[in-house]
Structures are given as C-alpha cells and as structure tokens.
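A.B. asks: the following comprises the amino acid sequence and a computationally predicted model.
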Amino acid sequence: MNSFFCQIPKAELHIHIEGSLEPEMMFALAARNNIQLPYKSVEEIRAAYNFQNLQSFLDLYYAGMSVLQTEQDFYDLTWAYMQKASAQNVRHAEIFFDPQGHTSRGVSFETVHRGIYRALQEAQQLGISSYLILCFLRHLSAESAMEALEQALPYKDTIPAVGLDSSEVGNPPSKFQKVFDKAREEGFLTVAHAGEEGPPEYIWEAINLLGVSRIDHGVRCIDDPKLLEYLIEKQIPLTVCPLSNIKLCVFDSMAKHNIKQLLDMGLCVTVNSDDPSYFGGYVAENLQEIESALSLSQQDIYKLVKNSFQATFLSAAEKQARIAELDEFMMK
Ligand code: HPA
Ligand code: ZN
C-alpha cells in the first residue's frame, strides 16, 4: 500500500459495518458463540468470495452476519473497523448498519445499537468522528422497514439518517416511499442505494420520492443524460465503491470503471469501500486501485477526497476544518 493513500485525510461515506467482518473475526465469533460455520479455515472463506452479481454476494453477507449475537460482538466488529479506518487516516465515517439482518435472527435492536454506538463513541479518541445510518433491507416488505424505523425512534438522536440497501432490481425506491416520508417527518436525513445494478429511473425515484441527500453507488446514471445534468447542477453526491463494482461485475475491469468520466463531467463523486472484507480493500486500497487503473492525477485524488468531506452530513464549519487539514496535507 502506497503511504500517500493511507495518509491523505479522508471521509468514508459508504461502509456497511457488517461488511467489515473479516474472516478471522468470523471464526473467532463463531467459536465464542458456539456456531458451526460451513468453512474449515479462513482461507476457505476467502476462496468463497467469488461473486457473479450483487445477489451472490448478499447470500454470503447475510450468512456471515449470523455470528454476530451479543452487544460485545457488535462492539468488537465496529472497533476493529474504526482501528482500520484510523490507520488509513479516515477523519470522519458515516456507517450503515442493517438492523433487520439481526432482529430477524432474534437479536434485539438495542443489542445491535448499543454495541456499535459504544465503539463509535470510543473511537473519538482515535480522532475519528462518525454518524450512523440505518439501512432498510429492500428485499423485505415496506411493513418490515416501518417496524425497523419504529424501533429506531428511541435512538434517533444517535442515528442522523436512514438508507436503503440489499437486492436492488425489482425493489425500487417507490416501494419505500411511505417509510421514508415518515423518516423525514421524524427528522432523519435520507440516502439510498440506487443505480448499482438498477436503472437510472431508480436514481430519479430516490431523489424525487425519497428526498435523498446522496445516492449510494449511482454509477448507472451514465445511461441518462438528463439525470447527469441534474446531478451536476444540484451537486448530489454519489458514494462510489470501485472494488465492490468490480467484485460484483458492475464493470468488467477497473480500467472500464466510469468514476473518472463522472468526475471529469463535474459530478460530486466520492470513493468508498462498501464491504471491505468481502471486496478486498478499505478506502485507501480503493483509491490506489483506481489511481493506477485509470491514471488519475494528484488533482483527481484531491478532488475525490475533498468531495468526500463536502458530501458528509457534518456542519459547514466542520467540513471546512477537515478540508483545511486536507489542504495542509497536500502542501507538504
Ligand atoms: N448493495 C446493496 N446492498 C448491500 C451492499 C451493496 O453494495 N452491500 C451490503 N448490502
Ligand atoms: Zn453498499
């Protein structure tokens, strides 16, 4: 790993905390909780990470999270990610969690939230600020999402936003319009995965029906010139995840990724890791991979990282402070 990509101050805006579960921890937690895994070794787990599309990944992702049972498990998972992020000089992280992936297995919302949130609070000592984003699983019903939202209400001071993830095609944003209406009424900001495998229409729906502040992935906006124009004009950020897109065959190779094209057109694109344990890299590795595959300049990297701060839910003053730190780093 080139130290520049580790050291440059950055924000991470698209990380599923359950997707940071490394095989070593999966084994340790399985042993601690007396759970039998269908793998004999860490190497066997890593070898299974060969995906054809989003669904083939999600099947393993949901199976993997079954080892997360206690508050301590969620704490350990989150603390490990925050240490990794700290080593890569992530200065602010906005972190997704999937409560329905746990409550459906009999783990309470409170257990999940307490473990994750305690680790985030303690990570402030590492110099990383963070926000939590509750994601609704879109392959489940709108009623189930509404239930998850109700469960989150007592904790809403600690969860600034809600999002939408899981199987995209066939589960358009419109399915969750009422849930997102209620979430916005309750004061949550909103984001949504859209245009990863799904069409540009899903991105329009996320904007027009869910009132999102950012689009997660969004790379298929390239197929709709009017949408591109709109995203540029409004500077609606896209949280792009290059290694994820290659692992899930959204693009055939990194050389064919459109992030440089989107950046050059003037979209507010950012670089993120999605599910770093499953896709082979954290945010620094994502930056390094696109730099070499797409011949990015230092100015391109600067712009992507500056966008990451601009696209956060931090206050204007907090954004400014972190961008000033970035500017100082670039002058060294
Ligand atoms: N897309 C949709 N759902 C997800 C993803 C993703 O990339 N990662 C974890 N859940
Ligand atoms: Zn994602």
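C.D. replies: Cool, the structure landed. Ligands and ions are numbered 1, 2, ... in the order given.
A.B. asks: buried sites along stretch 308-316?
C.D. replies: 308-314 (16 or more other Cβ atoms under 10 Å). Every C-beta, even on glycine, is put in place using the N, C-alpha and C of the backbone.
A.B. asks: residue contacts, the residue in the stretch 1-150 of the chain positioned nearest to ligand 1?
C.D. replies: Of all residues in the stretch 1-150 of the chain, His16 sits closest to ligand 1, with a separation of 4.2 Å (Cβ to the nearest ligand atom). His16 makes contact with 61, 96-98, 135, 165, 274-275, according to Cβ atoms under 8 Å, 6 or more residues apart in numbering.
A.B. asks: just these: which are in helices?
C.D. replies: Judged by DSSP state H, the contacts of His16 include Tyr61 as members of helices.
A.B. asks: near ligand 1, which residues of the stretch 51-200 of the chain show up?
C.D. replies: 54, 61, 165-166, 193, 196 (Cβ under 6 Å from any ligand atom).
A.B. asks: who wins on neighbours among those?
C.D. replies: His193 (28 neighbours; other Cβ atoms under 10 Å).
A.B. asks: is that one in a bridge, and if so with what?
C.D. replies: As for beta bridges, His193 partners with Asp216 under DSSP bridges.
A.B. asks: contacts only, for it.
C.D. replies: Per Cβ under 8 Å, 6+ apart, neighbours of His193: 138, 163-166, 168, 215-217.
A.B. asks: and with 7 Å instead?
C.D. replies: 164-165, 168, 216-217 (Cβ atoms under 7 Å, 6 or more residues apart in numbering).
A.B. asks: including pLDDT, could those residues go into a markdown table?
C.D. replies: Below are the contacts of His193 laid out as a markdown table (pLDDT from 0 to 100):
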| residue | pLDDT |
| --- | --- |
| Leu164 | 99 |
| Asp165 | 98 |
| Glu168 | 98 |
| Asp216 | 99 |
| His217 | 99 |
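A.B. asks: show me what residue of the stretch 51-200 of the chain gets nearest to ligand 1.
C.D. replies: Closest point on the stretch 51-200 of the chain to ligand 1, by Cβ to the nearest ligand atom, is Asp165, at 3.6 Å.
A.B. asks: correct me, but that residue touches Cys135?
C.D. replies: Yes - with contacts counted by Cβ atoms under 7 Å, Asp165 reaches Cys135, the gap being 4.4 Å.
A.B. asks: between those two, what contacts are shared?
C.D. replies: 96, 98.
A.B. asks: next one: stretch 292-308 to chain centre, how far?
C.D. replies: 19 Å (Cα atoms, centre = their mean, to the nearest Å).
A.B. asks: ok, and what's touching that stretch?
C.D. replies: Taking Cβ under 7 Å, 6+ apart as the rule, stretch 292-308 contacts 8, 10-11, 13, 237, 254-255, 257, 260, 263, 268-271, 287, 290-291, 323, 326, 330.
A.B. asks: tell me which parts of the stretch 201-332 of the chain are close to ligand 1?
C.D. replies: 244, 274-275.
A.B. asks: highest neighbour count among those residues?
C.D. replies: Counting neighbours by other Cβ under 10 Å, Asp274 comes out on top of these with 31 neighbours.
A.B. asks: can you pull out the helices in the stretch 201-332 of the chain?
C.D. replies: 225-234, 242-247, 259-265, 276-279, 283-294, 298-310, 316-331 (DSSP state H, counting those that start in this stretch).
A.B. asks: in the fifth one, what's buried?
C.D. replies: By neighbour count, with 16+ other Cβ under 10 Å as the criterion, the buried positions of helix 283-294 are 283-291, 293-294.
A.B. asks: pick out whichever of those sits closest to ligand 1.
C.D. replies: Asn286 (13.0 Å).
A.B. asks: residues in contact with that closest one?
C.D. replies: 241-243, 271-273.
A.B. asks: any quick PyMOL command for the buried ones out of those residues?
C.D. replies: Buried members of these, defined by 16+ other Cβ under 10 Å, are picked up in PyMOL with:
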select buried, resi 241+242+243+271+272+273
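A.B. asks: is Gln151 in contact with Val107, as I believe?
C.D. replies: No - with contact defined as Cβ under 7 Å, Gln151 does not count as touching Val107 (11.9 Å).
A.B. asks: can you lay out the buried residues of helix 283-294 as JSON lines showing pLDDT and distance to Ser130?
C.D. replies: Shown next, in JSON lines, are the buried residues of helix 283-294 (pLDDT from 0 to 100; distance: Cβ to Cβ, whole Å):
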{"residue": "Val283", "pLDDT": "98", "distance to Ser130": "14"}
{"residue": "Ala284", "pLDDT": "98", "distance to Ser130": "17"}
{"residue": "Glu285", "pLDDT": "98", "distance to Ser130": "20"}
{"residue": "Asn286", "pLDDT": "98", "distance to Ser130": "19"}
{"residue": "Leu287", "pLDDT": "98", "distance to Ser130": "20"}
{"residue": "Gln288", "pLDDT": "98", "distance to Ser130": "23"}
{"residue": "Glu289", "pLDDT": "98", "distance to Ser130": "24"}
{"residue": "Ile290", "pLDDT": "98", "distance to Ser130": "24"}
{"residue": "Glu291", "pLDDT": "98", "distance to Ser130": "26"}
{"residue": "Ala293", "pLDDT": "98", "distance to Ser130": "29"}
{"residue": "Leu294", "pLDDT": "98", "distance to Ser130": "29"}
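A.B. asks: since that was my last question, I'll sign off now.
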